[in-house]
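1. here is my input, please return the structure:
(one chain, ligands or ions: 1)
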Amino acid sequence: MFVLHGFFTQNTLKTLYVLEQLGVDYEFRFVDLTKGENRSEAFRAMTPVGKVPVLEHDGACLFESGAICRYVAGVAQSPLYPADRLDRARVDQWMTFFTCHPGRWLTDLYFEKIMKPAAGLGETNTDRCEESERFATAQLKAVERHLEDRNWLVNETLSIAEPWALAYLEQAPQVGFDLGAYPRLQAWYARIEALPAVAQVRAKVRPLVESVLGG
Ligand SMILES: N[C@@H](CCC(=O)N[C@@H](CS)C(=O)NCC(=O)O)C(=O)O
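-> Prediction:
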């Protein structure tokens, strides 16, 4: 049994979507960052960096969402994280790309437009938002090109890179970033969103979002 400690923003959502899609047995424990619950002694005993998500398994703790997803997929020996070295590297390549490029900028927009006002962290920085929108726009074009002649990122089959990417991309409608210019990406996004695992995670997380950000 895995225990995942996390909040409801994209770093935790990536792991929740991946764990749910892997079909492993896990329990989700909410750490309310707005109340500083990640600064408690009990939480700090699990991770030196004080950030979510954190995974507990077999008496050990792991931080960093990518390490968590790969570890759980490895324990589950799931084909969603292929054993073939090149295929696996391609899954890693897309996970890293979403994290460092479009995901980074969409997360910035989410922080500026949603988290800042909700958590009283100051004014939304409009210059920063414009810059983030510019970078995200350019980088999503690369994904659109890649999906020109395929349905999935790697090897024409679903992998953990897809639920991983969803956690970044689903911030787009919330921050008013229009995905309309990327029809293939939108069709791929719809295929990921239709996975039952996604609905299950959203149902789990919705009451937590509402309790912190309001209904
Ligand atoms: N690279 C880390 C990032 C983790 C991270 O930044 N978590 C944020 C929430 S999304 C956090 O815990 N922030 C609380 C803090 O820094 O005090 C990962 O992918 O797990």
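2. point to the helix or strand of this protein where mean pLDDT is at its lowest.
-> None of the helices or strands of the chain scores lower by mean pLDDT, DSSP states H and E than helix 116-119, at a mean of 86.
3. who touches stretch 205-215?
-> Applying Cβ atoms under 8 Å, 6 or more residues apart in numbering, the contact partners of stretch 205-215 are 8, 13, 16, 30, 32, 34, 114, 118. All C-beta spots, glycine's among them, are computed from the backbone N, C-alpha and C.
4. which of the residues in it are buried?
-> 205, 212 (16 or more other Cβ atoms under 10 Å).
5. quick one: the residue located most distally from the centre of the chain from residue 47, how far?
-> Distance to the chain centre peaks in the chain at residue 41, reaching 26.2 Å (criterion: Cα atoms, centre = their mean). Residue 41 is 12 Å from residue 47, where distance means Cβ to Cβ, to the nearest Å.
6. show me the longest helix that occurs in this protein.
-> Secondary structure assigned by DSSP state H gives helix 126-146 as the longest helix of the chain.
7. tell me the SS of the nearest residue to residue 99 once chain neighbours are set aside?
-> Distances taken as Cβ to Cβ, 6 or more residues apart in numbering place residue 66 nearest to residue 99, at 7.2 Å, with adjacent residues excluded. Applying DSSP: H, G, I helix; E, B strand; the rest coil to residue 66 yields a three-state assignment of helix.
8. and stretch 59-77, anywhere near the ligand?
-> Yes. Contact check for stretch 59-77 against the ligand, using Cβ under 6 Å from any ligand atom: residues in range are 64-65.
9. now find how far off-centre that stretch is within its chain.
-> 14 Å (Cα atoms, centre = their mean, to the nearest Å).
10. what's it in contact with?
-> 2, 4, 11-12, 14-15, 18-19, 22-24, 26, 46-49, 51, 53-55, 57, 80-81, 83, 92, 95-96, 99, 160, 164.
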